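Undergrad: Starting from these lines, generate the structure:
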Amino acid sequence: MFAICGRAPLLLASRAASRTLAPTPALSRNILRLLPRTQPSIRYYARPPRSTRAHKSNKPSPPPTPPSVAAESNITQPATGDRLIDRVWAAGQLSQHDTPPAMSSAQRLLRPTLFTLLVVGGSLIYAYNWTAPAPSERLFPTVPLAFSTVATIMALNVGVFVAWRIPLPFTWRILNRYFVSVPAIPHAASMLGCAFSHQSFSHLGLNMVVLYCFGTNLCEQIGAGPFIGLYLSGGVLSSLASLAYNVVRQRFNVASLGASGAIATLVGIYAVVNPDAELYVIFLPFIMFKAKVLVTLLAMVETLGIVRGWTIVDHVAHLSGLGWGVVSGYALLAEYKRRLERKRKELEEKKWLGWW
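TA: I've put the predicted structure just below:
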């Protein structure tokens, strides 16, 4: 699009802040064709050079070529002088719209909402029923389960980042459709895919540092299954909240991507499970916050950003991720206490039966 609201981590080993960036071809040229008329080679989908267009004649015109075929032809048989990157952008373009399609807010949000509910429901069911695998069932039994879980999520984020940096027609269409949240033309699956996309190397690097710092400790405490389920549910819920906010406010000149919503969920859970844990600012080890104080400050900053209309970061995604994390943290504690009580009763029953 024209402004990318990416999500990237703050200074703290906690979560990511996103930025509103200037239009970049890497993530914007193929979503809406809102480009100056001085760039005809990109304005139209795989538009052939003017010199090669057929002149009007009385002969019947051949059947139109499907856009996908025309796009591939433009890649394999490029016009002289065109850059390869321009041809790839043209081939990956998804829309012929000059302006956002005429749709109501409900129409834009219906499918993303249903997809989000499906992912959240599946994630919570998986988290509740997960049991730790035996070492013999694991691919790397000597590697700690918490580390391998977090490392896998980090590898997925890096893989998507590399795919953005290597523009190929096939992957380019998939990335533009399912790995960036666009209020003007929303796709349901982008609620999850955009949580694995990053705008720049610094955006990716900071997010991954925060994910590693909080993720490994939290995963060790709550288990890999609940960790994965809450990470995914936090990612889609924060993406949906951001999309709904932009759609309702008719902000069709932005797009959102980044893992910070999911990471904010982990930070919220961590603060509830470990409220008195001492957290230090990266590169400023003399500054310390308790986890509960840090989350409170972050929530206040995000709320202020929404009220004041700050556009540097995606405050809605961050705040919704934190909120879901806090709610999930209290739910985890309640479930933990319930299971402890059930185990205590089972031990008492065994003791009583053994006495008889």
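Undergrad: what does the helix or strand harbouring Leu118 rub up against?
TA: Taking DSSP states H and E as the definition, Leu118 sits inside helix 105-129. Applying Cβ atoms under 8 Å, 6 or more residues apart in numbering, the set of residues contacting helix 105-129 from outside is 183, 186-192, 225-226, 228-230, 232-233, 236-237, 239-240, 243-244, 247-248. Any C-beta I mention is one placed from the backbone N, CA and C, and that applies to glycine too.
Undergrad: Quick one: buried ones out of those?
TA: Buried by 16 or more other Cβ atoms under 10 Å: 183, 186-192, 225-226, 228-230, 232-233, 236-237, 239-240, 243-244, 247, out of the contacts of helix 105-129.
Undergrad: Can you tell me the closest non-neighbouring residue to Gly234?
TA: Nearest residue to Gly234 in three dimensions, chain neighbours excluded: Thr265, at 2.7 Å (Cβ to Cβ, 6 or more residues apart in numbering).
Undergrad: Return the list of helices and strands in contact with the strand or helix carrying that neighbour.
TA: Using DSSP H and E, Thr265 falls within helix 260-273. On a contact count with 3 or more Cβ pairs under 8 Å, 6 or more residues apart in numbering; DSSP states H and E, helix 260-273 meets strand 3-9, strand 16-17, helix 201-222, helix 224-248, helix 291-308, helix 315-355.
Undergrad: Mind putting those into CSV with mean pLDDT and distance to Thr99?
TA: Formatted as CSV, the helices and strands packed on helix 260-273 follow (pLDDT from 0 to 100; distance: least, Cβ to Cβ, whole Å):
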stretch, mean pLDDT, distance to Thr99
strand 3-9, 40, 16
strand 16-17, 38, 30
helix 201-222, 93, 29
helix 224-248, 96, 15
helix 291-308, 93, 27
helix 315-355, 87, 24
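Undergrad: Minimum distance to Ile282: which of the ones you listed has it?
TA: Closest of the helices and strands packed on helix 260-273 to Ile282 is helix 201-222, at 7.4 Å (criterion: Cβ to Cβ).
Undergrad: Mind exporting the C-alpha coordinates of the closest one to PDB?
TA: The C-alpha coordinates for helix 201-222 follow below in PDB (Å, rounded to 0.1, in the frame of the first residue of the first chain):
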ATOM      1  CA  PHE A 201      15.800  -6.500   9.200                       C
ATOM      2  CA  SER A 202      15.800  -4.300  12.300                       C
ATOM      3  CA  HIS A 203      12.100  -4.900  12.700                       C
ATOM      4  CA  LEU A 204      12.600  -8.600  12.500                       C
ATOM      5  CA  GLY A 205      15.700  -8.600  14.700                       C
ATOM      6  CA  LEU A 206      14.200  -6.700  17.600                       C
ATOM      7  CA  ASN A 207      11.100  -8.800  17.500                       C
ATOM      8  CA  MET A 208      13.100 -12.000  17.600                       C
ATOM      9  CA  VAL A 209      15.200 -10.800  20.500                       C
ATOM     10  CA  VAL A 210      12.100 -10.000  22.600                       C
ATOM     11  CA  LEU A 211      10.500 -13.300  21.600                       C
ATOM     12  CA  TYR A 212      13.600 -15.200  22.700                       C
ATOM     13  CA  CYS A 213      14.000 -13.400  26.000                       C
ATOM     14  CA  PHE A 214      10.400 -13.800  27.100                       C
ATOM     15  CA  GLY A 215       9.500 -16.900  25.100                       C
ATOM     16  CA  THR A 216      12.100 -19.400  26.400                       C
ATOM     17  CA  ASN A 217      11.300 -18.700  30.100                       C
ATOM     18  CA  LEU A 218       7.500 -18.600  29.600                       C
ATOM     19  CA  CYS A 219       7.500 -21.800  27.500                       C
ATOM     20  CA  GLU A 220       9.400 -23.600  30.200                       C
ATOM     21  CA  GLN A 221       6.800 -22.600  32.700                       C
ATOM     22  CA  ILE A 222       3.500 -23.200  30.900                       C
END
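Undergrad: Just the buried positions in that helix, please.
TA: Applying 16+ other Cβ under 10 Å to helix 201-222 flags 203-204, 206-208, 210-222 as buried.
Undergrad: got the angle for it vs helix 260-273?
TA: Helix 201-222 runs at 30 degrees relative to helix 260-273, counting by axes from the mean of the first three to the mean of the last three Cα atoms, to 10 degrees.
Undergrad: ok now helix 201-222, how far from the chain's centre?
TA: The chain centre lies 15 Å from the centre of helix 201-222; the measure is Cα atoms, centre = their mean, to the nearest Å.
Undergrad: how far off helix 224-248 does that helix point, in degrees?
TA: For helix 201-222 against helix 224-248, the angle by the same axes, to 10 degrees is 130 degrees.
Undergrad: Show me what helix 201-222 is packed against.
TA: Helix 201-222 sits against strand 3-9, strand 16-17, helix 145-165, helix 224-248, helix 260-273, with contacts defined as 3+ Cβ pairs under 8 Å, 6+ apart.
Undergrad: Show me how far the last one is from its chain's centre.
TA: This means helix 260-273. Relative to its chain's centre, helix 260-273 lies at 15 Å (Cα atoms, centre = their mean).
Undergrad: got the buried residues for the next helix or strand after that helix?
TA: Counting by DSSP H and E, the next helix or strand C-terminal to helix 260-273 is strand 278-281. Across strand 278-281, burial judged by 16+ other Cβ under 10 Å covers Leu279, Val281.
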